[in-house]
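Trainee: sharing a model that was predicted from the sequence below.
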Amino acid sequence: MTTVIDGNAVAADVREDVSAVVDTLRDAGVTPRLATVLMNDTQASDTYVSMKQRDCEEVGIAAEDVRIDSDAPAEELFDTVQSLNDRDDVHGILVQDPTPDHVPDDRVLSAVSPAKDVDGFHPENVGRLVAGNPRFKPCTPHGVQKLLASEGIDPAGKEVVVVGRSKIVGKPLANLLIQKTDGGNATVTVCHSRTDDLAAHTRRADIVVAAAGVPELIDSDMLTDGTTVIDVGINRVDDDSEKGYHLVGDVDFESAKRKADAITPVPGGVGPMTRAMLLYNTVKAASEIENVAVDLP
(Lines give C-alpha, C1' and ligand atoms only; values in the text may rest on other atoms or scores of the structure.)
Protein backbone atom coordinates (compact mmCIF):
# COMPACT_ATOMS: atom_id res chain seq x y z
CA MET A 1 0.00 0.00 0.00
CA THR A 2 1.44 3.32 -1.06
CA THR A 3 1.57 6.04 1.59
CA VAL A 4 0.38 9.43 0.37
CA ILE A 5 2.32 11.91 2.51
CA ASP A 6 -0.01 14.56 3.92
CA GLY A 7 1.85 17.85 3.72
CA ASN A 8 -1.05 19.72 5.29
CA ALA A 9 -0.86 17.59 8.41
CA VAL A 10 2.92 17.91 8.77
CA ALA A 11 2.69 21.66 8.16
CA ALA A 12 0.06 21.91 10.91
CA ASP A 13 2.54 20.30 13.34
CA VAL A 14 5.22 22.83 12.33
CA ARG A 15 2.78 25.72 12.84
CA GLU A 16 1.97 24.36 16.30
CA ASP A 17 5.68 24.41 17.16
CA VAL A 18 5.96 27.94 15.77
CA SER A 19 2.97 29.11 17.84
CA ALA A 20 4.64 27.85 21.00
CA VAL A 21 7.81 29.80 20.11
CA VAL A 22 5.74 32.93 19.45
CA ASP A 23 4.34 32.61 22.98
CA THR A 24 7.88 32.33 24.40
CA LEU A 25 9.00 35.40 22.49
CA ARG A 26 5.98 37.42 23.59
CA ASP A 27 6.66 36.50 27.22
CA ALA A 28 10.07 38.13 26.64
CA GLY A 29 8.43 41.22 25.15
CA VAL A 30 9.14 40.34 21.52
CA THR A 31 6.59 40.16 18.71
CA PRO A 32 8.14 38.50 15.66
CA ARG A 33 7.44 40.44 12.48
CA LEU A 34 7.70 39.41 8.82
CA ALA A 35 7.66 42.05 6.09
CA THR A 36 6.72 40.89 2.60
CA VAL A 37 7.68 43.13 -0.32
CA LEU A 38 5.76 42.80 -3.59
CA MET A 39 6.82 44.58 -6.77
CA ASN A 40 4.77 42.95 -9.51
CA ASP A 41 1.18 42.96 -10.68
CA THR A 42 0.54 39.24 -11.17
CA GLN A 43 -2.46 37.64 -9.54
CA ALA A 44 -0.42 34.60 -8.54
CA SER A 45 2.12 36.67 -6.60
CA ASP A 46 -0.65 38.66 -4.92
CA THR A 47 -2.25 35.37 -3.86
CA TYR A 48 1.03 33.97 -2.53
CA VAL A 49 1.68 37.08 -0.45
CA SER A 50 -1.87 37.09 0.92
CA MET A 51 -1.50 33.44 1.96
CA LYS A 52 1.79 34.16 3.72
CA GLN A 53 0.26 37.12 5.52
CA ARG A 54 -2.65 34.97 6.67
CA ASP A 55 -0.30 32.21 7.83
CA CYS A 56 1.57 34.73 9.97
CA GLU A 57 -1.58 36.05 11.59
CA GLU A 58 -2.75 32.52 12.44
CA VAL A 59 0.38 31.77 14.51
CA GLY A 60 0.77 35.24 16.05
CA ILE A 61 3.51 36.65 13.82
CA ALA A 62 2.99 40.29 12.90
CA ALA A 63 2.67 40.59 9.12
CA GLU A 64 3.60 43.73 7.20
CA ASP A 65 2.55 43.97 3.55
CA VAL A 66 4.71 46.36 1.49
CA ARG A 67 3.67 47.10 -2.10
CA ILE A 68 5.79 48.88 -4.73
CA ASP A 69 4.56 49.82 -8.18
CA SER A 70 6.08 47.51 -10.79
CA ASP A 71 7.05 50.52 -12.92
CA ALA A 72 8.91 52.24 -10.09
CA PRO A 73 12.71 52.60 -10.34
CA ALA A 74 14.73 49.68 -9.01
CA GLU A 75 16.20 51.97 -6.35
CA GLU A 76 12.77 52.34 -4.77
CA LEU A 77 12.79 48.61 -4.03
CA PHE A 78 16.33 48.67 -2.66
CA ASP A 79 15.66 51.74 -0.52
CA THR A 80 12.56 50.05 0.87
CA VAL A 81 14.46 46.89 1.71
CA GLN A 82 17.21 48.90 3.39
CA SER A 83 14.65 50.72 5.53
CA LEU A 84 13.29 47.33 6.64
CA ASN A 85 16.83 46.12 7.34
CA ASP A 86 17.29 49.13 9.63
CA ARG A 87 14.09 48.62 11.61
CA ASP A 88 14.50 46.84 14.94
CA ASP A 89 10.89 45.62 14.95
CA VAL A 90 11.24 43.72 11.65
CA HIS A 91 12.84 40.28 12.02
CA GLY A 92 12.21 38.70 8.62
CA ILE A 93 12.08 40.14 5.10
CA LEU A 94 10.84 38.38 1.99
CA VAL A 95 10.91 39.93 -1.49
CA GLN A 96 8.30 38.06 -3.51
CA ASP A 97 9.41 36.65 -6.86
CA PRO A 98 9.36 37.70 -9.60
CA THR A 99 10.58 41.26 -9.60
CA PRO A 100 10.36 43.36 -12.80
CA ASP A 101 12.94 42.91 -15.55
CA HIS A 102 14.62 46.22 -14.74
CA VAL A 103 15.45 45.03 -11.20
CA PRO A 104 18.70 42.96 -11.07
CA ASP A 105 17.95 39.55 -9.51
CA ASP A 106 21.40 39.14 -7.95
CA ARG A 107 21.12 42.52 -6.25
CA VAL A 108 17.72 41.59 -4.82
CA LEU A 109 19.20 38.47 -3.23
CA SER A 110 22.00 40.42 -1.56
CA ALA A 111 19.88 43.43 -0.53
CA VAL A 112 18.17 41.78 2.44
CA SER A 113 20.22 41.62 5.63
CA PRO A 114 21.52 38.04 6.09
CA ALA A 115 20.10 38.04 9.63
CA LYS A 116 16.61 38.79 8.25
CA ASP A 117 16.86 36.71 5.07
CA VAL A 118 14.19 34.15 5.99
CA ASP A 119 14.22 32.76 2.43
CA GLY A 120 17.86 31.75 2.94
CA PHE A 121 19.02 33.05 -0.46
CA HIS A 122 21.52 35.77 0.53
CA PRO A 123 25.02 34.78 -0.69
CA GLU A 124 26.27 34.71 2.91
CA ASN A 125 23.50 32.32 3.93
CA VAL A 126 24.06 30.15 0.88
CA GLY A 127 27.73 29.92 1.81
CA ARG A 128 26.89 28.97 5.38
CA LEU A 129 24.57 26.23 4.16
CA VAL A 130 27.23 24.78 1.87
CA ALA A 131 29.74 24.92 4.72
CA GLY A 132 27.37 22.94 6.92
CA ASN A 133 26.48 25.75 9.30
CA PRO A 134 23.19 27.16 7.98
CA ARG A 135 21.61 30.20 9.57
CA PHE A 136 18.34 29.53 7.73
CA LYS A 137 17.55 26.51 5.60
CA PRO A 138 15.64 27.58 2.45
CA CYS A 139 11.97 26.90 3.02
CA THR A 140 11.16 24.30 0.37
CA PRO A 141 14.28 22.13 0.87
CA HIS A 142 13.79 22.25 4.64
CA GLY A 143 10.14 21.33 4.12
CA VAL A 144 11.21 18.30 2.07
CA GLN A 145 13.47 17.18 4.92
CA LYS A 146 10.59 17.55 7.38
CA LEU A 147 8.27 15.49 5.15
CA LEU A 148 10.81 12.68 4.93
CA ALA A 149 11.32 12.73 8.70
CA SER A 150 7.55 12.67 9.29
CA GLU A 151 7.38 9.27 7.57
CA GLY A 152 10.50 7.95 9.27
CA ILE A 153 12.43 8.01 5.98
CA ASP A 154 16.10 8.52 6.79
CA PRO A 155 18.18 9.60 3.76
CA ALA A 156 21.39 8.31 5.36
CA GLY A 157 23.12 5.88 3.02
CA LYS A 158 20.39 6.12 0.41
CA GLU A 159 20.63 7.08 -3.25
CA VAL A 160 18.76 10.35 -3.79
CA VAL A 161 18.13 11.82 -7.22
CA VAL A 162 17.12 15.47 -7.33
CA VAL A 163 15.66 16.42 -10.70
CA GLY A 164 16.23 20.16 -11.07
CA ARG A 165 19.13 22.46 -10.23
CA SER A 166 17.43 25.71 -9.25
CA LYS A 167 18.89 27.96 -6.56
CA ILE A 168 15.54 27.74 -4.76
CA VAL A 169 15.19 23.95 -4.50
CA GLY A 170 17.62 21.69 -6.33
CA LYS A 171 20.98 23.10 -5.29
CA PRO A 172 20.18 23.83 -1.62
CA LEU A 173 18.36 20.51 -1.17
CA ALA A 174 21.31 18.57 -2.56
CA ASN A 175 23.59 20.42 -0.15
CA LEU A 176 21.33 19.67 2.82
CA LEU A 177 21.04 15.98 1.99
CA ILE A 178 24.80 15.41 1.76
CA GLN A 179 25.56 17.10 5.09
CA LYS A 180 27.01 14.93 7.85
CA THR A 181 24.03 15.44 10.15
CA ASP A 182 20.53 14.17 10.89
CA GLY A 183 18.42 14.33 7.77
CA GLY A 184 21.52 14.08 5.60
CA ASN A 185 24.29 11.57 4.85
CA ALA A 186 22.70 10.67 1.51
CA THR A 187 24.45 9.99 -1.79
CA VAL A 188 22.97 12.67 -4.05
CA THR A 189 22.79 13.00 -7.82
CA VAL A 190 21.47 16.26 -9.28
CA CYS A 191 19.90 15.86 -12.72
CA HIS A 192 18.76 18.63 -15.06
CA SER A 193 17.78 19.50 -18.62
CA ARG A 194 21.19 18.47 -19.99
CA THR A 195 21.24 15.08 -18.24
CA ASP A 196 21.45 12.12 -20.62
CA ASP A 197 19.01 9.27 -19.94
CA LEU A 198 17.24 10.75 -16.93
CA ALA A 199 15.34 7.52 -16.34
CA ALA A 200 18.58 5.60 -15.80
CA HIS A 201 19.28 7.84 -12.81
CA THR A 202 15.77 7.89 -11.33
CA ARG A 203 15.40 4.09 -11.58
CA ARG A 204 18.35 3.52 -9.27
CA ALA A 205 17.17 6.02 -6.67
CA ASP A 206 15.75 5.21 -3.26
CA ILE A 207 14.34 8.75 -3.12
CA VAL A 208 13.40 10.89 -6.11
CA VAL A 209 12.76 14.61 -5.68
CA ALA A 210 11.11 16.16 -8.73
CA ALA A 211 11.74 19.90 -9.01
CA ALA A 212 12.18 20.52 -12.72
CA GLY A 213 9.07 22.59 -13.46
CA VAL A 214 7.93 20.17 -16.19
CA PRO A 215 4.38 18.82 -15.86
CA GLU A 216 4.22 15.07 -15.13
CA LEU A 217 7.80 14.51 -16.26
CA ILE A 218 8.30 11.41 -14.11
CA ASP A 219 6.07 8.34 -14.33
CA SER A 220 6.19 4.74 -13.14
CA ASP A 221 8.49 3.65 -15.98
CA MET A 222 11.17 5.91 -14.50
CA LEU A 223 10.93 4.44 -11.00
CA THR A 224 11.83 1.26 -9.15
CA ASP A 225 9.43 -0.48 -6.79
CA GLY A 226 9.63 0.93 -3.28
CA THR A 227 10.91 4.39 -4.18
CA THR A 228 9.97 7.48 -2.16
CA VAL A 229 8.79 10.27 -4.47
CA ILE A 230 8.72 13.92 -3.40
CA ASP A 231 7.02 16.15 -5.96
CA VAL A 232 7.99 19.81 -5.62
CA GLY A 233 6.46 20.87 -8.93
CA ILE A 234 3.23 22.81 -9.29
CA ASN A 235 2.16 23.46 -12.86
CA ARG A 236 -1.00 24.85 -14.44
CA VAL A 237 -2.37 22.69 -17.24
CA ASP A 238 -5.16 24.12 -19.40
CA ASP A 239 -8.46 22.27 -19.49
CA ASP A 240 -12.16 22.82 -20.21
CA SER A 241 -13.17 23.38 -16.59
CA GLU A 242 -14.71 26.58 -15.27
CA LYS A 243 -11.29 27.74 -14.04
CA GLY A 244 -9.72 26.81 -17.35
CA TYR A 245 -6.87 24.86 -15.80
CA HIS A 246 -5.90 22.28 -13.19
CA LEU A 247 -2.74 21.81 -11.13
CA VAL A 248 -0.31 18.95 -11.60
CA GLY A 249 3.13 18.23 -10.28
CA ASP A 250 6.34 17.19 -11.99
CA VAL A 251 5.28 13.60 -11.33
CA ASP A 252 2.46 11.66 -12.99
CA PHE A 253 0.87 10.90 -9.63
CA GLU A 254 -1.43 8.00 -10.55
CA SER A 255 1.27 6.29 -12.56
CA ALA A 256 4.07 6.82 -10.01
CA LYS A 257 1.86 5.68 -7.15
CA ARG A 258 1.95 2.16 -8.59
CA LYS A 259 5.68 1.95 -7.87
CA ALA A 260 6.24 4.28 -4.91
CA ASP A 261 6.18 3.27 -1.26
CA ALA A 262 5.53 6.90 -0.32
CA ILE A 263 4.62 9.89 -2.48
CA THR A 264 3.55 13.50 -2.05
CA PRO A 265 0.44 14.78 -3.85
CA VAL A 266 0.01 18.07 -5.72
CA PRO A 267 -1.51 20.09 -4.22
CA GLY A 268 -1.27 19.23 -0.53
CA GLY A 269 2.27 17.92 -0.37
CA VAL A 270 5.35 20.14 -0.46
CA GLY A 271 3.46 23.43 -0.92
CA PRO A 272 2.06 23.70 2.62
CA MET A 273 5.50 22.86 4.00
CA THR A 274 7.17 25.72 2.13
CA ARG A 275 4.81 28.18 3.80
CA ALA A 276 5.20 26.55 7.21
CA MET A 277 9.00 26.68 7.06
CA LEU A 278 8.83 30.40 6.29
CA LEU A 279 7.09 30.85 9.64
CA TYR A 280 9.74 28.63 11.24
CA ASN A 281 12.54 30.78 9.83
CA THR A 282 10.83 33.99 10.91
CA VAL A 283 10.59 33.01 14.58
CA LYS A 284 14.14 31.65 14.41
CA ALA A 285 15.30 35.03 13.12
CA ALA A 286 13.41 36.84 15.86
CA SER A 287 14.90 34.64 18.59
CA GLU A 288 18.45 35.21 17.31
CA ILE A 289 18.10 38.95 16.67
CA GLU A 290 16.48 39.52 20.06
CA ASN A 291 18.74 37.03 21.85
CA VAL A 292 15.82 35.07 23.33
CA ALA A 293 16.34 31.33 23.74
CA VAL A 294 13.51 29.23 22.30
CA ASP A 295 12.74 25.55 21.84
CA LEU A 296 12.47 25.16 18.07
CA PRO A 297 12.62 21.53 16.87
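Mentor: Yep, that arrived.
Trainee: gap between S241 and D89?
Mentor: 44 Å (C-beta to C-beta, to the nearest Å). C-betas here are computed from N, CA, C, even on glycine.
Trainee: in terms of neighbours, single out the busier of those two.
Mentor: More crowded of S241 and D89, by other C-beta atoms under 10 Å: D89, with 12 against 8.
Trainee: and the closest residue to P123 other than its chain neighbours, what helix or strand is that in?
Mentor: Spatial nearest neighbour of P123, excluding adjacent residues (C-beta to C-beta, 6 or more residues apart in numbering): S110 at 5.8 Å. Assigned by DSSP states H and E, S110 belongs to helix 105-111.
Trainee: what number of residues lie near M51?
Mentor: 13.
Trainee: quick check: chain neighbours aside, which residue is closest to it?
Mentor: Among residues not flanking M51 along the chain, R275 sits closest, at 6.5 Å (C-beta to C-beta, 6+ apart).
Trainee: packing partners for the helix holding S110?
Mentor: helix 74-86 (3 or more C-beta pairs under 8 Å, 6 or more residues apart in numbering; DSSP states H and E).
Trainee: and the helix it packs on, what does it pack onto?
Mentor: strand 33-38, strand 92-95, helix 105-111.
Trainee: I'd say the residue nearest to M51 and D55 touch.
Mentor: Yes. The pair R275 / D55 is scored as a contact, 5.4 Å apart, by C-beta atoms under 8 Å.
Trainee: tell me where the stretch 101-250 of the chain has strands.
Mentor: Assigned by DSSP state E, counting those that start in this stretch, the strands in the stretch 101-250 of the chain fall at 159-163, 187-191, 207-210, 228-231, 235-238, 245-248.
Trainee: would JSON lines of these with mean pLDDT and distance to V59 be doable?
Mentor: Listed next are these as JSON lines, based on pLDDT from 0 to 100; distance: least, C-beta to C-beta, whole Å:
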{"stretch": "strand 159-163", "mean pLDDT": "98", "distance to V59": "30"}
{"stretch": "strand 187-191", "mean pLDDT": "98", "distance to V59": "32"}
{"stretch": "strand 207-210", "mean pLDDT": "98", "distance to V59": "27"}
{"stretch": "strand 228-231", "mean pLDDT": "98", "distance to V59": "25"}
{"stretch": "strand 235-238", "mean pLDDT": "89", "distance to V59": "29"}
{"stretch": "strand 245-248", "mean pLDDT": "90", "distance to V59": "25"}
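Trainee: TSV for these, including mean neighbour count and distance to T264?
Mentor: Shown next, in TSV, are those (neighbours: other C-beta atoms under 10 Å; distance: least, C-beta to C-beta, whole Å):
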stretch	mean neighbour count	distance to T264
strand 159-163	24	14
strand 187-191	18	18
strand 207-210	27	9
strand 228-231	27	5
strand 235-238	12	14
strand 245-248	14	13
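Trainee: and these as TSV, adding distance to S83?
Mentor: Output for these, formatted as TSV (distance: least, C-beta to C-beta, whole Å):
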stretch	distance to S83
strand 159-163	37
strand 187-191	38
strand 207-210	37
strand 228-231	38
strand 235-238	35
strand 245-248	36
